[in-house]
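Q: sequence first, then the predicted structure:
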Amino acid sequence: MPSVYNRYCLHNISELWTPEGSLAAAGAAMARLKKLHHACLYVVDGRIAWVGEESALAAMGSDPAANSLKREAALAPRIDAGERACVPGFVDSHTHFVFAGWRDDEFYWRTQGVPYMEIHRRGGGILRSVEATRAATEGELIDLGRARLNRMLSLGVTTVEGKSGYGLDRDTELRQLYAMRALKGNNQVLPLGAVPDIVSTFLGAHSVPHEFAGRPRAFLAYLLDAVLPTVRAQNLASFVDIFCEKGVFELEDSRWYLERARAAGFALKLHADEVAPLGGTGLAAELAAVSADHLLKASEAHIQALAKAGTIACLLPLTAFSLREPYANGRHFIDAGCAVALASDFNPGSCNSQSIPLIFALAVLQMGMTVEEALTGLTLNGAASLKIADRVGTLEIGKDADFLLLDAPSPSHLAYHSGMNLVVEVYKRGALVWKNGNALDAAPFDSRV
Ligand SMILES: [Zn+2]
């Protein structure tokens, strides 16, 4: 069975849900999805050429005045979606998937009550991953990254953001970014070697390394002088991010660094107000960062400032879950007018999970969000927080045909089947790149040509 067609009509979709537009949806707009019943999707050369209800297509096909595109869609090879639901591929807009070594022991320390910042002060935490990642070759990082990306793909993630930040020195930071670049290169020929598309972020300012202990400003100056120019010259990252947190990079150091990174041409992201209410959320708004991430301790005034600035609030419920912290109040962020994105924060320390199904469950059960808002947070708003919403994140004409078929009659099941992976097929730029083997028996694809 071929898995790539340059032109086909996916029909017999029970329900198709998609946000609309190429800008982040904020506030009440997050819940406004286009919902189609008995839908079909016409794909040409990896892009969506038409999407709508079958009845509309049929009517167009028999109408001599209908435009030729819609007639073509009616005549194109047909793929049977098996009365499954369809949604855009998920965009996981905050991850740290390139690292070496594990920290399972620390996971259990935390369950015994050792606090995150205490582990950090002991020289554990991030610095353990730094040690292991410094010792890894680029090839090892590529292999580790590929395995994690494959897992993400199986969960319906078609685009992922990946951060450096486990090197904290020039060579290792660049090696992490080179590993991501190599993995991106795999995607040139789909479906062979398919992994999600990768958007890279430079997070050299993830922690202060031993070499600069007690001198965070000197370390930031080193990153600006010795690393960022190469990242820029080789186009290795779109964003610069910083771990703005008490005892790591304080507010003034963060502002100083980010202003210079912005002047060097990078868009900005911040790890903000995760552990202590330092004010990173307000700084993100002040600097018009593309996103501010975590926000567990964000103040009311700063939440309002985010909404006003149009900075996307990227909430990471799996981290709160893993750290047993109270969840960010997604409902409140949305009611305040923010655009909320949801992401995994997959990393070896505070959140060793890529589970999109668990994100849906937590968003709806613990964060006061509707399943529609959660879907927007994992598609359009994730794409907007990576500045690629003109290309992915919704199922609209002209966008990449990145979409999922779910083992459910409606996308409303995404949170209802709590923590369960409903994704049975993943399409990337129109090509079937992942298929749940167990679903093969249940889903006849004989109608494929
Ligand atoms: Zn993070």
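A: Happy to help now that I have it.

Q: now the end-to-end length of stretch 234-247.
A: Stretch 234-247 has an end-to-end distance of 32 Å (Cα to Cα, to the nearest Å).

Q: on the three-state scheme, W50 is what?
A: When classified by DSSP: H, G, I helix; E, B strand; the rest coil, W50 comes out as strand.

Q: helices and strands of the protein: which one has the lowest mean pLDDT?
A: helix 439-442 (a mean of 35; mean pLDDT, DSSP states H and E).

Q: can you pull out the helices in the stretch 251-400 of the chain?
A: 251-263, 280-286, 300-309, 317-323, 330-335, 356-366, 371-378, 380-384 (DSSP state H, counting those that start in this stretch).

Q: among those, which is nearest W109?
A: W109 lies closest to helix 317-323 among the helices of the stretch 251-400 of the chain, at 12.0 Å (Cβ to Cβ). Every C-beta, even on glycine, is put in place using the N, C-alpha and C of the backbone.

Q: can you list the buried residues in the closest one?
A: 317-323 (16 or more other Cβ atoms under 10 Å).

Q: could you do stretch 42-60 as well?
A: Judged by neighbour count (16+ other Cβ under 10 Å), stretch 42-60 contains these buried residues: 42-44, 46-52, 54, 56-57, 60.

Q: now N6: closest residue in space that isn't a chain neighbour?
A: D45 (5.4 Å; Cβ to Cβ, 6 or more residues apart in numbering).

Q: now do K399
A: Nearest non-adjacent residue to K399, counting by Cβ to Cβ, 6+ apart: I48, 5.4 Å away.

Q: could you do D335 as well?
A: That would be G27: by Cβ to Cβ, 6+ apart, it lies 7.3 Å from D335.

Q: in which helix or strand does A39 reside?
A: According to DSSP states H and E, A39 maps onto strand 34-44.

Q: follow-up on the earlier one: looking at the helices of the stretch 251-400 of the chain, which is buried most?
A: The highest mean neighbour count among the helices of the stretch 251-400 of the chain, using mean count of other Cβ atoms under 10 Å, belongs to helix 380-384: a mean of 30.

Q: now do the helices in the stretch 1-150 of the chain.
A: Using DSSP H, counting those that start in this stretch, helices in the stretch 1-150 of the chain cover 54-62, 68-75, 104-111, 116-121, 126-134, 138-154.

Q: the third one: how far from the chain's middle?
A: Taking Cα atoms, centre = their mean, to the nearest Å, one finds the center of helix 104-111 at 26 Å from the center of the full chain.

Q: what do you get for the fourth one?
A: When C-alpha coordinates are averaged (Cα atoms, centre = their mean), helix 116-121 and its chain have centres 27 Å apart.

Q: counting by contacts, list what that helix packs against.
A: For helix 116-121, the contact count by 3 or more Cβ pairs under 8 Å, 6 or more residues apart in numbering; DSSP states H and E identifies helix 104-111 as packing neighbours.

Q: restrict the helix it packs on to CA atoms and write it as PDB.
A: C-alpha atoms of helix 104-111 as PDB (Å, rounded to 0.1, in the frame of the first residue of the first chain):
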ATOM      1  CA  ASP A 104      15.200   8.900  37.600                       C
ATOM      2  CA  ASP A 105      16.800   9.000  41.000                       C
ATOM      3  CA  GLU A 106      16.000  12.700  41.300                       C
ATOM      4  CA  PHE A 107      12.400  12.000  40.300                       C
ATOM      5  CA  TYR A 108      12.100   9.800  43.400                       C
ATOM      6  CA  TRP A 109      13.900  12.200  45.600                       C
ATOM      7  CA  ARG A 110      11.300  14.700  44.700                       C
ATOM      8  CA  THR A 111       8.600  12.300  45.700                       C
END
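
Q: so A401 sits against V433, correct?
A: No - taking contacts as Cβ atoms under 8 Å, A401 lies outside contact range of V433: 11.2 Å.

Q: any shared contact partners between those two?
A: Counting by Cβ atoms under 8 Å, 6 or more residues apart in numbering, the residues touching both A401 and V433 are Y427.

Q: so where's the chain uncertain?
A: Scanning the chain for pLDDT under 70 picks out the ranges 1-5, 61-66, 122-123, 186-193, 437-449.

Q: can you list the domain ranges for it.
A: Using automatic domain parsing, the domain parsing of the chain gives 7-87+392-442, 90-384.

Q: distance from the longest one to the middle of the chain?
A: By that I understand domain 90-384. 10 Å.

Q: so who does S299 touch?
A: By Cβ under 8 Å, 6+ apart, the contact set of S299 is 273, 277, 279, 281-282.

Q: tabulate the CA atom coordinates of stretch 366-384 in PDB.
A: Taking Å, rounded to 0.1, in the frame of the first residue of the first chain, the C-alpha atoms of stretch 366-384 are listed here in PDB:
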ATOM      1  CA  GLN A 366      -7.500  20.600  36.200                       C
ATOM      2  CA  MET A 367      -7.100  23.800  34.300                       C
ATOM      3  CA  GLY A 368     -10.700  24.700  33.600                       C
ATOM      4  CA  MET A 369     -10.300  24.700  29.800                       C
ATOM      5  CA  THR A 370     -12.700  23.200  27.300                       C
ATOM      6  CA  VAL A 371     -11.600  20.500  24.900                       C
ATOM      7  CA  GLU A 372     -11.900  23.100  22.100                       C
ATOM      8  CA  GLU A 373      -9.600  25.500  23.900                       C
ATOM      9  CA  ALA A 374      -7.100  22.700  24.600                       C
ATOM     10  CA  LEU A 375      -7.100  21.700  20.900                       C
ATOM     11  CA  THR A 376      -6.400  25.400  19.900                       C
ATOM     12  CA  GLY A 377      -3.600  25.400  22.500                       C
ATOM     13  CA  LEU A 378      -2.000  22.400  21.000                       C
ATOM     14  CA  THR A 379      -2.400  23.400  17.400                       C
ATOM     15  CA  LEU A 380      -2.900  27.000  16.200                       C
ATOM     16  CA  ASN A 381      -1.500  28.700  19.300                       C
ATOM     17  CA  GLY A 382       1.500  26.300  19.500                       C
ATOM     18  CA  ALA A 383       2.200  27.100  15.900                       C
ATOM     19  CA  ALA A 384       1.800  30.800  16.600                       C
END
